[in-house]
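> Need a 3D model of the following:
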Amino acid sequence: MNTGLLLLIVTVSTALIFDFLNGFHDAANSIATVVSTRVLSPKLAVIWAAFFNFVAAFFLGTAVAKTIGKGMIRLEDVTQYVVIAGLMGAIVWDLLTWWWGLPTSSSHALIGGYAGAAMARAALNHGLPAAYGVILPQGWTKTLIFIVVAPVMGLVLALLFSVAGYWLLQNKSPRQVDTWFRKLQLVSAAGYSLGHGGNDAQKTMGIVAGALYTAGYMNKADMAANWGRYHWPIILAAHTAIALGTYFGGWRIVHTMGSKITKLKPFGGFCAESAGAITLFGTALAGIPVSTTHTITGAIIGVGAVHRLSAVRWGVARRIVWAWIVTIPASAGVAAIAFWMIRFFNRGA
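Residues are numbered from 1 along each chain as shown. Model (predicted):
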């Protein structure tokens, strides 16, 4: 086996490990509400979420993957080592925030790591001023704007759904409402998991496509189209990895999302999941790589705020927001260090 092919195998394997950890870390996004409302047991919830994370492969296209693959970093500055270092930055940050129980964005950790590694390579080769030249501003603009827009969309939609629901159901008994929405929440949880799989798995698909490009197995025409003969193998591998990660679940973050931000009932869980699903469907089809974590957190806050502002534990929410702010620079920093270490042992990296 030649060195180039071996390096490609290592790169793709690392990408799929990240995808697994993405599902593991972000399992809370898919199942926290349905577990906290006791509609499903944790075991059934992860099976439900994992299934719909996988079948999203057949519904939401590859627009986000194309944005990640060719729209954020100049392809000429990407090597296999850049991809590996970027993935390591994202993996380390995901593991740290999982340990701390913080629902941060695996998506932003990935793009932060990818950018950090590419910038480190440019800085080491051509000096620090060259580092910023690897960034494609048009690809980042939408992503950075939607760091704010996605959770606000989730919050506003959940708030509207909650207000409309309370008005329509005001003459119904709490038991009736609870019975109806315990069933409806299965539908909303499935919808959210579809959105989660369709958005987050695509980011890994884009990274894998970038690795194939740098290894010479794809050209720019392939990157712009549907990746030729690699289309379905990339899609199925990414969705399988994220589904398995979701199945094994990250229970520390489930606890934060499902009970620490606000207390949820089936009606509130349905509103939060429906708001999150609509946001994710729209952004996935538009090719905007948003954070599923930010989206569902905003939706849960919207559900809590409809009762009274004090129903939201703002101290927990503030801690989560600070973790969001530092995710991209922190993962970029870790990835830059990882690339420097690779360069230290391999001058040709």
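
> which helices and strands does the host helix or strand of residue 271 pack with?
Following DSSP states H and E, one finds residue 271 within helix 266-286. Applying 3 or more CB pairs under 8 Å, 6 or more residues apart in numbering; DSSP states H and E, one finds that helix 266-286 makes contact with helix 3-36, helix 63-70, helix 137-168, helix 174-214, helix 292-305. For glycine as for every other residue, the C-beta is placed from the backbone atoms N, C-alpha and C.

> of all the ones you listed, which lies closest to residue 272?
Residue 272 lies closest, by CB to CB, to one member of the helices and strands packed on helix 266-286: helix 292-305, at 4.0 Å.

> what packs against the helix or strand following the closest one?
Downstream of helix 292-305, the next assigned helix or strand under DSSP H and E is helix 314-345. On a contact count with 3+ CB pairs under 8 Å, 6+ apart, helix 314-345 meets helix 80-100, helix 106-126, helix 292-305.

> mind listing what's buried in the second one?
Going back to what we said before, that points to helix 106-126. 106-124 (16 or more other CB atoms under 10 Å).

> okay, and the helix or strand of the chain with the least pLDDT?
helix 251-255 (a mean of 53; mean pLDDT, DSSP states H and E).

> If I follow the layout properly, residue 276 ends up in contact with residue 154?
Yes: if you go by CB atoms under 8 Å, residue 276 and residue 154 touch, sitting 5.3 Å apart.

> Can you pull out the low-pLDDT segments for the stretch 101-250 of the chain?
By pLDDT under 70, the low-scoring segments of the stretch 101-250 of the chain are 101-103, 220-230, 249-250.

> just to revisit the earlier point, would you turn the helices and strands packed on helix 314-345 into CSV with distance to residue 39?
Formatted as CSV, the helices and strands packed on helix 314-345 follow (distance: least, CB to CB, whole Å):
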stretch, distance to residue 39
helix 80-100, 24
helix 106-126, 25
helix 292-305, 15
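
> Nearest to residue 347, out of those?
Nearest of these (CB to CB): helix 106-126, 10.2 Å.

> Measure how the closest one sits relative to helix 137-168, angle-wise.
Inter-element angle recorded for helix 106-126 and helix 137-168: 170 degrees (by axes from the mean of the first three to the mean of the last three CA atoms, to 10 degrees).

> Start at 40, not 1
Okay, using 40 as the starting number, the last item reads as helix 145-165.

> and helix 145-165, what does it pack onto?
So helix 145-165, by 3+ CB pairs under 8 Å, 6+ apart, packs with helix 42-75, helix 102-109, helix 119-139, helix 213-253, helix 331-344, helix 353-384.

> how about the helices and strands packed on helix 353-384, which one is nearest residue 323?
Nearest of the helices and strands packed on helix 353-384 (CB to CB): helix 331-344, 10.0 Å.

> got the angle for the closest one vs helix 305-325?
Using the same axes, to 10 degrees, helix 331-344 lies at 150 degrees relative to helix 305-325.

> Alpha carbons only: can I get helix 331-344 in PDB?
Taking C-alpha atoms only, helix 331-344 is exported to PDB below (Å, rounded to 0.1, in the frame of the first residue of the first chain):
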ATOM      1  CA  THR A 331     -28.000  22.000  15.700                       C
ATOM      2  CA  THR A 332     -27.000  22.500  19.400                       C
ATOM      3  CA  HIS A 333     -27.600  26.300  19.200                       C
ATOM      4  CA  THR A 334     -30.900  25.700  17.400                       C
ATOM      5  CA  ILE A 335     -32.500  23.400  19.900                       C
ATOM      6  CA  THR A 336     -31.100  25.400  22.900                       C
ATOM      7  CA  GLY A 337     -32.800  28.500  21.600                       C
ATOM      8  CA  ALA A 338     -36.000  26.600  21.100                       C
ATOM      9  CA  ILE A 339     -36.000  25.200  24.600                       C
ATOM     10  CA  ILE A 340     -35.400  28.700  26.000                       C
ATOM     11  CA  GLY A 341     -38.400  29.900  23.900                       C
ATOM     12  CA  VAL A 342     -40.600  27.300  25.400                       C
ATOM     13  CA  GLY A 343     -39.500  28.200  28.900                       C
ATOM     14  CA  ALA A 344     -39.900  31.900  28.400                       C
END
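
> in stretch 191-201, what counts as buried?
Buried residues in stretch 191-201 (16+ other CB under 10 Å): 192, 193, 194, 196, 197, 198, 200, 201.

> Please enumerate residues in contact with that stretch?
306-307, 309-311, 313-315, 317-318, 333-342, 344-345 (CB atoms under 8 Å, 6 or more residues apart in numbering).
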